[in-house]
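Enquirer: based on what follows, work out the 3D shape:
(2 chains)
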Protein chains: 2
Amino acid sequence: MRSPPETSELDTPSRILMGPGPSMIHPRVLRAMSTQALGYMDPSFLEIMDDIQELLRYTFQTDNEWTLATSGTGTAAMETAIGNLLEPGETMLVRTTAYWGDRMAQMARRVGGDVASLDVSPTEPLDPADVREAFEAHDVDVFGICHADTTTGIRQPNMSELVDIAREHDAYTIADCVTSLSGVPVHVDDWGVDVAYGSPQKCLSSTPGATPLTINERAREKIEARDSDPASWYLDLNLLMEYWGDERNYHHTPPTTPYYGLREALRLVAEEGLENRWERHRRVAGELKAGLEDMGLEMAAAEEHWLPSLNTVRVPDGVDDTAVIQFLMDEYDIEIASGLGELDGEIWRIGCMGYSARRQNVACLLTAMQDALEAQGFDVDEAAIEA
Amino acid sequence: MRSPPETSELDTPSRILMGPGPSMIHPRVLRAMSTQALGYMDPSFLEIMDDIQELLRYTFQTDNEWTLATSGTGTAAMETAIGNLLEPGETMLVRTTAYWGDRMAQMARRVGGDVASLDVSPTEPLDPADVREAFEAHDVDVFGICHADTTTGIRQPNMSELVDIAREHDAYTIADCVTSLSGVPVHVDDWGVDVAYGSPQKCLSSTPGATPLTINERAREKIEARDSDPASWYLDLNLLMEYWGDERNYHHTPPTTPYYGLREALRLVAEEGLENRWERHRRVAGELKAGLEDMGLEMAAAEEHWLPSLNTVRVPDGVDDTAVIQFLMDEYDIEIASGLGELDGEIWRIGCMGYSARRQNVACLLTAMQDALEAQGFDVDEAAIEA
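Expert: Residues are numbered from 1 along each chain as shown, chains lettered A, B, ... in the order given. Down below sits the predicted model:
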């Protein structure tokens, strides 16, 4: 017999989480997650699932019957969307130059799809003219859009227009709303997107593990009429909906505790009201942005595409971006993140999501940031010091 | 704008969970799961992952470097095992007549594998002679075994012998230890199984959402040398191990809270000690079994294949199995389950797992069962009444 390893009681540092995710979990969500388990066919548990569906319909602003939580984290929801909607031999159009677009393309290829590349700058929103051109050059079946991009801090405008282009070409649209859902306006039905997914651990401030997903009637019909089964049995929507729908056929063990957390997080959205919540994100992140600009820093995303839930800030010349990140962590227990890929060393990424989007966190971060920059010899603008 | 739905505070009934899973979550695990989130690259979070790996190695009794928690529930771990180890065109041998064998077969086909069927009775353990015959009739690449079957309450003996047959035929073995891990002896290295997975919400008494999985060097080499990528990007072990291993490359958002829960659940295993824990399951479930037999009920699994974590009991003639289940739920807040598939109406399934495996629960269940049977007009044996 091997011997048991020595470990100590769980003892985590008290971080202020202002990176690209996760955000801080709301105390009411933490409390809900300390609730005892229920069986998967217990009527009380099925009611919890019904509540989650109704609350998700509100949060996505949709009437879609197929609205559920996938039993995995955000990437599982992305894979569920692509793996069910795209059939082998069909073509998916995505911006392969972008981080999340590239991930979508990899998934599309793995389930036997072809990829049509939107080979445009990843640091600008998609231009409907480029999208139209791509649709005319390729026979596209599924179009993937990232609504709110954590790598660039850009919010995609013109969602309805992009969806319309896809519809004109008989294609379906998948919208990645991971960083937007409940933080900035998401209107699934008004946009007309066929499939959308969010994230529990960003603007919703729950734990990862049960991820919001919604599918409209048009996409549902395509999925129900597939010639071949999806490659994943675990993420097969036709089977999953037999559990989430009226049949109540057991499919797989659902993640109980993440469901409890998600339900409470969605109740908090309903209590606050979506419009108020969007306004809070704009207001609190607006203070953050103003404070950073007052210090002499420059935002990377243009004002008109600004994403309040994820703020990208240019690293000034002569400043070591990772030293600043480490300083914030060591001295103030604050987490922010560096840029990914091409943007590594170029930007910082500062989240302002859900329960993290509070004035006390912004105030602390601004003070800490000033301190960190001064430690780097950066000449912080007098305006900030006076303010 | 759609309006927010009305919901009330999470209010769950206090069930005693003695079905085939989930078991009751240990209070220390619930407390750990009410801990605030950390970032996925936070050194403190990476330490938690390291702890989980070390504790899992002890629990699986293995030195496998590739030992991790998959970001999903038990079925995700099954799909990870099959989807990574089996390549398109390869053959998987499973008992397709059994519930979990059939699920494995479906997964194998979905990733382009062929299935060789072990068409033997699902209510007996696998016979090595039948397995040897099947290996001689088919060119098998991967062999799937269910070590502890929740549908029949049977524990598979001869694990090493079955693994040896596979090795003699250059095949790899996947062992489903969902209902055995930490409840009855599991010896991954001594058996020689190439891949094994467990469950967090059965004998470990945590929440579903982060599922134990271990892969030995032999299987790892096969997976690293694949000709094609696995169909699932989310469950791709080569990518996952870049995050769990020394590279620490972000792959996907891990399920924070289920990790916290799993770590604490595994610490409880280490504190109790595996041998003591196995003995507790045997002793407490033994009292359950003796009590049921004293009442005049008959166990469905033979004594030598008895699985203490999941006890199958024959429904006596003239007794309505679902009425008894409903009575236990309504009158005593106890959950047990009916039979699945062919065994529906034939057996009850009574779990005795992890934190549910305590004398107070068994005492309550025995009283409740006697009450339920008497309500059905079943002549409970005098011995039980005297005891």
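Enquirer: interface residues of the stretch 151-300 of chain A facing chain B?
Expert: A:199, A:201, A:207-210, A:229-234, A:251-258, A:260-261, A:263-264, A:267, A:269-271, A:273-275 (Cβ under 8 Å from any Cβ of the partner chain). For glycine as for every other residue, the C-beta is placed from the backbone atoms N, C-alpha and C.
Enquirer: return the subset of those lying in strands.
Expert: Counting by DSSP state E, those place none of their members in strands.
Enquirer: now those residues: which count as buried?
Expert: By neighbour count, with 16 or more other Cβ atoms under 10 Å in any protein chain shown, these hold A:199, A:201, A:207-210, A:230-234, A:251-258, A:260-261, A:263-264, A:267, A:269-270, A:274 as buried.
Enquirer: of the residues you listed, which belong to helices?
Expert: Residues of those located in helices (DSSP state H): A:T256, A:T257, A:P258, A:Y260, A:G261, A:R263, A:E264, A:R267, A:V269, A:A270, A:L274.
Enquirer: pull up the gap between the fifth one and A:W244, please.
Expert: Here A:G261 is placed at a distance of 18 Å from A:W244 (Cβ to Cβ, to the nearest Å).
Enquirer: and if you look at the third one?
Expert: Remark: distance between A:P258 and A:W244 (Cβ to Cβ) = 15 Å.
Enquirer: same check on A:L235?
Expert: A:L235 is 13 Å from A:W244, where distance means Cβ to Cβ.
Enquirer: higher neighbour count, those two?
Expert: Set side by side, A:L235 and A:W244 show unequal neighbour counts under other Cβ atoms under 10 Å in any protein chain shown, the larger going to A:L235 at 29 against 22.
Enquirer: thought A:A81 was touching that one, still the case?
Expert: No - applying Cβ atoms under 8 Å, one finds A:L235 not in contact with A:A81, separated by 9.2 Å.
Enquirer: how about the residue nearest to A:G339 when sequence neighbours are not counted, what does it touch?
Expert: Excluding its sequence neighbours, the residue lying closest to A:G339 (Cβ to Cβ, 6 or more residues apart in numbering or on different chains) is A:I347, at 4.2 Å. Applying Cβ atoms under 8 Å, 6 or more residues apart in numbering or on different chains to A:I347 gives the contacts A:G153, A:A300, A:T312, A:V313, A:R314, A:V315, A:D321, A:S338, A:G339.
Enquirer: closest one of those residues to chain B?
Expert: A:S338 (9.9 Å; Cβ to the nearest Cβ).
Enquirer: look up the residues forming beta bridges with the closest one.
Expert: A:W348 (DSSP bridges).
Enquirer: what's the first-to-last distance across stretch A:13-20?
Expert: Using Cα to Cα, to the nearest Å, the end-to-end distance of stretch A:13-20 comes to 18 Å.
Enquirer: hmm, A:N249 and A:L240 touching each other?
Expert: No - A:L240 lies out of contact with A:N249 (Cβ under 8 Å); the separation is 9.9 Å.
Enquirer: the two: who's more crowded?
Expert: Taking other Cβ under 10 Å, A:L240 and A:N249 do not tie; A:L240 has more neighbours (23 against 13).
Enquirer: tell me if that one really is in a helix.
Expert: Yes - under DSSP: H, G, I helix; E, B strand; the rest coil, A:L240 falls within a helix.
Enquirer: now it. Nearest residue, chain neighbours left out?
Expert: Excluding the flanking residues, the one nearest A:L240 by Cβ to Cβ, 6+ apart is A:H251, at 5.8 Å.
Enquirer: and what of A:I223?
Expert: A:N84 (5.0 Å).
Enquirer: what helix or strand is that neighbour on?
Expert: helix A:74-85 (DSSP states H and E).
Enquirer: beyond that helix, next helix or strand please.
Expert: By DSSP H and E, the next helix or strand past helix A:74-85 is strand A:91-94.
Enquirer: so how far is that next one off the chain centroid?
Expert: 20 Å (Cα atoms, centre = their mean, to the nearest Å).
Enquirer: run through the neighbouring helices and strands of it.
Expert: helix A:99-110, strand A:114-117, helix A:128-137, strand A:142-146 (3 or more Cβ pairs under 8 Å, 6 or more residues apart in numbering or on different chains; DSSP states H and E).
Enquirer: mind saving the C-alpha coords of that strand as PDB?
Expert: Output in PDB follows, covering the C-alpha atoms of strand A:91-94 (Å, rounded to 0.1, in the frame of the first residue of the first chain):
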ATOM      1  CA  THR A  91     -18.000  24.600 -43.200                       C
ATOM      2  CA  MET A  92     -17.600  26.900 -40.300                       C
ATOM      3  CA  LEU A  93     -16.600  30.600 -40.800                       C
ATOM      4  CA  VAL A  94     -14.500  32.100 -38.000                       C
END
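Enquirer: what residues does it touch?
Expert: Residues outside strand A:91-94 that contact it (Cβ under 8 Å, 6+ apart) are A:82, A:86, A:101-102, A:104-105, A:108, A:113-118, A:131, A:134-135, A:138-144, A:171.
Enquirer: now those residues: which count as buried?
Expert: A:82, A:86, A:101-102, A:104-105, A:108, A:113-118, A:131, A:134-135, A:138, A:140-144, A:171.
Enquirer: hmm, back to that, separation between the residue nearest to A:G339 and B:A98?
Expert: 54 Å.
Enquirer: ok, now A:L10?
Expert: Taking Cβ to Cβ as the measure, A:L10 falls 38 Å from B:A98.
Enquirer: so for these two, which residue has more residues nearby?
Expert: Comparing A:L10 with B:A98 by other Cβ under 10 Å, the one with more neighbours is B:A98, at 23 against 18.
Enquirer: secondary structure element holding the nearest residue to the more buried one once chain neighbours are set aside?
Expert: Leaving out its chain neighbours, the residue that sits closest to B:A98 by Cβ to Cβ, 6+ apart is B:P122, at 3.9 Å. Assigned by DSSP H and E, B:P122 falls within no helix or strand.
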